[in-house]
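J.: Model the following, please.
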Amino acid sequence: MPTYITLASFTQKGIERIREGPDRLDAAKKEFESLGASIKEFYLVMGQYDMVLVVEAPDDETVAKLALIIGARGTSRTLTLRAFPEGEYRKIVSELP
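T.: All right, here's what the predicted structure looks like:
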């Protein structure tokens, strides 16, 4: 299944309701699972972003739906990147002309 890295930042609403954050994460995990995806890893981070998630999903369309669902809640903004693990990276490079 494809891997994605999601960088997320709290909105003002999200930080004002930060004590609900763990419950929101649990709800997000269930939402992901309902669409055949999963949050493999979650990190609270310091810097430009507040959270990093490593996600597996069946396809880009599923990830787009999930980003819209999460964004509509108004507690975070996301940037999602398609990630190629080392094995896929090696395969891509080995097939270069």
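J.: going forward, measure contacts and count neighbours with C-alpha atoms only.
T.: Noted.
J.: So A28 lies in a strand, does it not?
T.: No. Secondary structure of A28 (DSSP: H, G, I helix; E, B strand; the rest coil): helix, not part of a strand.
J.: For L35, see how far away it is.
T.: Distance of A28 to L35, given as C-alpha to C-alpha, to the nearest Å: 11 Å.
J.: Show me which of those two is the more surrounded one.
T.: A28 (17 against 14; other C-alpha atoms under 10 Å).
J.: and the closest residue to the more buried one other than its chain neighbours, what pLDDT?
T.: Distances taken as C-alpha to C-alpha, 6 or more residues apart in numbering place I70 nearest to A28, at 7.6 Å, with adjacent residues excluded. Note for I70: predicted pLDDT of 91.
J.: just P97 next, same as before
T.: On pLDDT, P97 comes in at 95.
J.: For the helix or strand hosting L66, buried residues please.
T.: Assessed by DSSP states H and E, L66 sits inside helix 60-73. Across helix 60-73, burial judged by 16 or more other C-alpha atoms under 10 Å covers 63, 66-67, 70.
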